[in-house]
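**Q** could you work out the structure for the sequence below:
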Amino acid sequence: MWAPLCSLSYISHNLCSTLLSDFGCYSTLTLSLSSLRCWVSFRFSGAFFFLIEESMAVLILLFLLAASVVAADEDAFIGVNIGTDLSDMPHPTQVVALLKAQQIRHIRLYDADRAMLLALANTGIQVMISVPNEQLLGIGQSNSTAANWVSHNVVAHYPVTNITAISVGSEVLTTIPNAATVLVNALKFIHSALVASNLDRQIKVSTPLSSSIILDSFPPSQAFLNRSWNPVLVPMLNFLQSTGSFLMLNIYPYYDYMQSNGVIPLDYALFKPLPPNKEAVDANTLLHYSNVFDAMVDAAYFAMAFLNFTNIPVIVTESGWPSKGDANEPDATLENANTYNSNLIRHVLNKTGTPKHPGIAVSTYIYELYNEDTKPGPVSEKNWGLFDANGSPIYILHLTGSGLVLANDTTNQTFCAVKNGADPKMVQAALDWACGAGKVDCTPLSQGQSCYEPDNVLTHASYAFDTYYHQMGKAPGTCDFKGVAAITTTDPSHGTCIFPGSVGKNGSLVNITAPSMNSTSSEYSSHGSIHGSGLTSIFMSIAFLIWCGVFL
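**A** Numbers count the residues shown, from 1 in each chain. You can find the predicted model right below:
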């Protein structure tokens, strides 16, 4: 942060105080008897404005101040990654329907699938598309190939589909190092194609890096980027700085925790509140860190500063927690996944910022929308999703207190129902268990009772499953029944059969990627814009007051 010092001549002490209260700035006021000069120290995350005097300079200052507020007013967001390694990948229209139902406004695709981009048209959803790693060599070696890629995947869809960023490759330096030599060229060629189409201001270009590229990440103030990659990283950072883009970083506290052999406490990885004496302290800066995520973000800022890059913002392109793992992954659980992602969302949208940059939140894409059951690797690799392929939530994010709630949150309305496509024989066995050993009162399923009709195993089982789920306090793992049941936010009540937890109308999971509390559910704003016209009126009023003070 910088504290630019400006002089607003001939303005009274009271007017200065009013301006300061309007902008929430830090101030130092010194009155001069001869000029009633007001010295105001504005604290913004922008360039250093030197002393400016008199009439025209004041107006120039006002313009620059407005620009600073634009930068400061960019609301951080929560987005979601959409992977496609599913045995039954939903159709793009189904994906978009889920995004709309959950009011998800920011997504990242791992490619530029035409059908998906067409389905996203006219939705206002902000889309980051990607150059897949397998296409990187061709694009990095040929300007014309990059131009063709932009023509087919960007120009053909924009602005009807709201493409806002392009990620060129993913974790290239650590996954396909043989392509590292063409990475910067690929960035430049894609950007040049955007310039040629006059889209470079609307669409930013960058490349996601693994956080493992940052060495000695704690304490953050001592972090540095792997020097062996400096021939790539330095020109890459120069590119990001010159184009006004951002550093894309993938941060996985789960892996940091797993690889620390007990050094990193689980609560520290999960964003759980820590007493001050349990927080990690950077001895060089005396900054306190209460979670792995903030420490890694600040490590990135410090590492860039070590190379003399101090004004490149960070966006986290992947972060999350698996909900299921192998026997040697005991902390990959529904409860921990819920805790991490809920706390992450709250942390970002509350604009907490990091210890190095308090109040400057880091936009983050949760990994990921769907469980990817065909992804290779351990069980945890297949279980990072918020939903299954049917659109049923793996777990419900509980976000009360962060400005985000479930629909009808006064009743915390979620249900347990039979999964679509479940084997009827397995459903019958689970129903028998629920009404027997599970101690569910299945009397309403008897002939002539309120939930007898329709008389089939699926609807009867849904009632029994939901009753058991609520009897167990909706605890993690109580809506599974050997894989034939799933949590849903749609009320399965019908006719006279009212399910436990029902308030008599359908509910839906609301806004895991909600805008800031000042925006409305209908807003689909472009990145970097000022929301509403209030600031314009404020600036016009201030300009008039300053003009009066100077010239009258």
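**Q** my guess is residue 331 meets residue 266, correct?
**A** Yes - Residue 331 is in contact with residue 266 according to CB atoms under 8 Å; the separation is 6.2 Å. The C-beta positions use only the backbone N, C-alpha and C, and glycine is treated the same way.
**Q** which neighbours do these two share?
**A** Contact criterion CB atoms under 8 Å, 6 or more residues apart in numbering; residues shared by residue 331 and residue 266: residue 257.
**Q** residues of the helix or strand encompassing residue 462 that come out buried?
**A** Per DSSP states H and E, residue 462 falls inside helix 457-471. For helix 457-471, a neighbour-count test (16 or more other CB atoms under 10 Å) marks 458-471 as buried.
**Q** would TSV of these with distance to residue 154 and pLDDT be doable?
**A** Listed next are these as TSV, based on distance: CB to CB, whole Å; pLDDT from 0 to 100:
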residue	distance to residue 154	pLDDT
458	45	93
459	47	92
460	51	96
461	48	94
462	45	94
463	50	94
464	51	94
465	46	94
466	46	92
467	51	92
468	50	92
469	45	90
470	48	87
471	52	86
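**Q** between those, which is nearest residue 316?
**A** Proximity of the buried residues of helix 457-471 to residue 316 was ranked by CB to CB; the top entry is residue 469 with 33.2 Å.
**Q** ok, now how distant is the closest one from residue 477?
**A** Here the criterion is CB to CB, to the nearest Å. By it, residue 469 lies 10 Å from residue 477.
**Q** and what of residue 372?
**A** Relative to residue 477, residue 372 is positioned 21 Å away (CB to CB).
**Q** higher neighbour count, these two?
**A** residue 372 (20 against 10; other CB atoms under 10 Å).
**Q** which residues touch that one?
**A** Each residue near residue 372 by CB under 8 Å, 6+ apart is listed here: 83-86, 381-382, 384-385.
**Q** of those residues, which is the nearest to residue 152?
**A** The nearest member of those to residue 152, counting by CB to CB, is residue 84 at 18.9 Å.
**Q** how many neighbours does the residue nearest to that closest one when sequence neighbours are not counted have?
**A** Spatial nearest neighbour of residue 84, chain neighbours left out: residue 110 (7.1 Å); criterion: CB to CB, 6 or more residues apart in numbering. Residue crowding around residue 110 was assessed by other CB under 10 Å; the count is 19.
**Q** show me the domain layout of this structure.
**A** Here the domain assignment for the chain is 5-72+532-551, 78-109+207-382, 407-514, based on automatic domain parsing.
**Q** possible to save those domains as TSV with distance to residue 120?
**A** Output for these, formatted as TSV (distance: least, CB to CB, whole Å):
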stretch	distance to residue 120
domain 5-72+532-551	25
domain 78-109+207-382	6
domain 407-514	15
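**Q** worst mean pLDDT among these?
**A** The minimum mean pLDDT among those belongs to domain 5-72+532-551 (a mean of 37).
**Q** which strand or helix spans residue 161?
**A** Using DSSP H and E, no helix or strand contains residue 161.
**Q** dump the residue contacts of it.
**A** So residue 161 contacts 117-118, 120-121, 127 (CB under 8 Å, 6+ apart).
**Q** mind doing that once more with 10 Å?
**A** Residue 161 makes contacts with 116-127, 129, 154, as judged by CB atoms under 10 Å, 6 or more residues apart in numbering.
**Q** which one of the domains of the chain lies nearest to residue 145?
**A** Residue 145 sits nearest to domain 78-109+207-382 of all those, at 16.9 Å, using CB to CB.
**Q** for residue 205, see how far away the spatially closest residue to residue 127 that is not a sequence neighbour is.
**A** Closest residue to residue 127 apart from its sequence neighbours, by CB to CB, 6+ apart: residue 163 at 5.1 Å. Using CB to CB, we find residue 163 at a distance of 11 Å from residue 205.
**Q** tally of neighbours for residue 358?
**A** Residue 358: 12 surrounding residues under other CB under 10 Å.
**Q** check the one 3 residues further on too.
**A** Each residue near residue 361 was counted by other CB under 10 Å, and the total is 22.
**Q** phi, psi of it?
**A** phi -70, psi 160 (degrees, to the nearest 10).
**Q** same question for residue 318.
**A** phi -150, psi 130.
**Q** also residue 167?
**A** Torsion angles, degrees, to the nearest 10, at residue 167: phi -100, psi 120.
**Q** which residues are in contact with the nearest residue to it once chain neighbours are set aside?
**A** Sequence neighbours aside, residue 130 is the residue nearest to residue 167 in space, at 4.5 Å (criterion: CB to CB, 6+ apart). Taking CB under 10 Å, 6+ apart as the criterion, residue 130 is in contact with 81, 108-112, 153, 165-170, 207-208, 317.
**Q** next, residue 130: secondary structure please.
**A** Three-state call for residue 130 (DSSP: H, G, I helix; E, B strand; the rest coil): strand.
**Q** begin at 12 from now on, thanks
**A** OK, 12 is where the count begins now, so the last one is residue 141.
**Q** in the stretch 112-261 of the chain, which spans are helices?
**A** Shown for the stretch 112-261 of the chain, the helices assigned by DSSP state H, counting those that start in this stretch span residues 125-130, 144-152, 154-161, 183-186, 194-207, 241-254.
**Q** ditto for the stretch 312-461 of the chain
**A** Going by DSSP H, counting those that start in this stretch, the stretch 312-461 of the chain shows helices at 345-360, 435-446.
**Q** would you indicate which residues of the first one are buried?
**A** The one in question is helix 345-360. 345, 347-360.
**Q** residue 256 versus the closest residue to residue 207 other than its chain neighbours, what's the distance?
**A** Residue nearest to residue 207 in three dimensions, not counting chain neighbours: residue 158, with 7.0 Å by CB to CB, 6+ apart. Separation of residue 158 from residue 256 (CB to CB): 19 Å.
**Q** any idea how far the residue nearest to residue 207 is from residue 200?
**A** Separation of residue 158 from residue 200 (CB to CB): 8 Å.
**Q** shared neighbours of these two, which are they?
**A** With CB under 10 Å, 6+ apart, residue 158 and residue 200 have common neighbours residue 150.
**Q** one step back: between the helices of the stretch 112-261 of the chain, which one is nearest to residue 291?
**A** helix 183-186 (24.9 Å).
**Q** what average pLDDT does the closest one get?
**A** Helix 183-186 comes out with an average pLDDT of 94.
**Q** which ones are touching residue 217?
**A** Residue 217 makes contacts with 139, 176-179, 198, 202, 247, 250-251, 254, 256-260, 323, 326, 328, as judged by CB under 10 Å, 6+ apart.
**Q** and with 8 Å instead?
**A** 176-179, 198, 251, 256-259, 326.
**Q** what number of residues lie near the closest residue to residue 267 other than its chain neighbours?
**A** If the residues on either side of it in the chain are set aside, residue 267 comes closest to residue 303, at 5.3 Å by CB to CB, 6+ apart. Residue 303 sits with 26 neighbouring residues when counted by other CB under 10 Å.
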